[in-house]
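Engineer: Need the 3D shape of this:
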Amino acid sequence: KKHIANFGTIQDITRIRKTEEEIRYLSYHDYLTGLFNRRFYEEVLIKLDSEENYPLTLVMADVNGLKMINDSFGHAVGDQLLQKASNVIKSGCRENDVIARLGGDEFVIILARTDAETAALIIKRLEVLAAREKIRGLKLSIAFGSRTKIRKEENIQKVLKNAEDDMYRHKLYESASMRSKTIELIMNTLYEKSNREMMHSSRVGQICEKIGMRMKLDQDEINQIRTAGLIHDIGKMGIDEKILNKPGTLSDDEWKEIQRHPEIGYRILSSANEFSEMANCILEHHERWDGRGYPKGLKGEEISLQGRIVAVADSFDAMTSDRTYRKGLAQDDAIAEIKRCAGTHFDPLVAKMLVEVVYSEKMHTKEPARLLQKAE
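Structural biologist: The predicted structure is shown next:
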């Protein structure tokens, strides 16, 4: 019994030591990437900020498009993106370089005894390695910025701030491209989930364009409203494809789930400044002129013009398109319904513009596609 008790004590001690080692490891390492964490970085930077390590270069790195990836595909995919980024940085740096994840999408690299020219070569290598990596068909994109301390009197925090500013300058250009590619990927993924959504989005975009032209909006506004029509259902990316492709009518719970898509779409797009106006349109495209729409119950001109245009275009295409459980309405019948709902569901002026678009093209057919040939 004594031997058994001793064995149990040894097991307990081993377990305690293992737990202590894990706690010690986690106190200095990032749990997701295995890199050093902010605490370790801050402590080691103080130690390395000495003359024997000059020139001392700090590199700031930021993963482009992380928020949009998280909002569209979920945090598990976002975590994979961060892990890929950390692996790229590890593989492209030298053995003694200190790499830490500061939190979120930000990393820092401390390059001791490294001048600006050598640091630039290391950054170039990291950019090449990143471009080879893909997640969901999207190339990994990381924005880098750097600054080098060469004299003792230079403040290391000021050097870090300048490196961060340099990184944000690069991010300004690279992020816009990354976000556009991410939106394209999101829409393609949605189309893979539901081919019907691809055809619907294309037609709605073209109807929006024609309404914009009829309203004599300027070309930038027309381009924007067409794009808004194309991506108005981007939030359906977050909806179960079984619901999207259900052949029959939706249950109450399924309908509530579908009604989440404007808010999901808004969340995806609002992370990008250049899409902020379009994000509001996507949020509002199921609002009604009489205030009885969703998700916010906006009324009249509280709804953006883009939102009002997409609402009419979306409804017209939905009415004239076939479903497995019903035949699409003839255009004349759909137009009659649009007229009936002008002033309740729809902005009367925008509804009038749609009617004029349809009648001006003299397309009296059940096939909406012909009406929607792209305007040259």
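Engineer: For the nearest residue to residue 188 once chain neighbours are set aside, the count of nearby residues, please.
Structural biologist: Spatial nearest neighbour of residue 188, excluding adjacent residues (C-beta to C-beta, 6 or more residues apart in numbering): residue 137 at 7.9 Å. (Glycine included, C-beta is placed from N, CA and C.) By other C-beta atoms under 10 Å, the residues close to residue 137 number 10.
Engineer: same question, residue 108
Structural biologist: 24.
Engineer: thinking again about what came up before, wait, the residue nearest to residue 188 sits on residue 185?
Structural biologist: Yes - with contacts counted by C-beta atoms under 8 Å, residue 137 reaches residue 185, the gap being 6.1 Å.
Engineer: How about residue 175, nearest residue that isn't a chain neighbour?
Structural biologist: Nearest residue to residue 175 in three dimensions, chain neighbours excluded: residue 64, at 4.9 Å (C-beta to C-beta, 6+ apart).
Engineer: Pull the contacting residues for the one you found.
Structural biologist: 141-143, 171, 174-175, 178-179 (C-beta atoms under 8 Å, 6 or more residues apart in numbering).
Engineer: hmm, which two among those are most spread apart?
Structural biologist: 142 and 179 (14.5 Å; C-beta to C-beta).
Engineer: which of the contacts of residue 64 has the most neighbours?
Structural biologist: Compared across these, residue 142 has the highest neighbour count, 26 neighbours, by other C-beta under 10 Å.
Engineer: so that one makes contact with residue 86?
Structural biologist: No - counting by C-beta under 8 Å, residue 142 sits too far from residue 86 to count as a contact (10.3 Å).
Engineer: one step back: in strands, which of the contacts of residue 64 appear?
Structural biologist: In this view, the contacts of residue 64 that belong to strands under DSSP state E are 142-143.
Engineer: Of the contacts of residue 64, just say which sits nearest to residue 225.
Structural biologist: residue 179 (19.3 Å).
Engineer: Look up how far residue 67 lies from that closest one.
Structural biologist: Distance, residue 179 to residue 67, using C-beta to C-beta, to the nearest Å: 10 Å.
Engineer: Pull up the overlap in contacts between those two.
Structural biologist: Common contacts of residue 179 and residue 67 (C-beta under 8 Å, 6+ apart): residue 271.
Engineer: How about the contacts made by residue 357?
Structural biologist: 207, 210-211, 214, 371.
Engineer: Remind me which helix or strand it belongs to.
Structural biologist: Assigned by DSSP states H and E, residue 357 belongs to helix 348-360.
Engineer: same deal with residue 286?
Structural biologist: Using DSSP H and E, residue 286 sits within no helix or strand.
Engineer: since we're on it, how many residues are nearby?
Structural biologist: Other residues close to residue 286 by other C-beta under 10 Å number 20.
Engineer: In contact with it, which residues are there?
Structural biologist: 259, 262, 293-295, 311.
Engineer: Let me have those residues in CSV, adding neighbour count as columns.
Structural biologist: Listed next are the contacts of residue 286 as CSV, based on neighbours: other C-beta atoms under 10 Å:
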residue, neighbour count
259, 13
262, 26
293, 20
294, 14
295, 15
311, 25
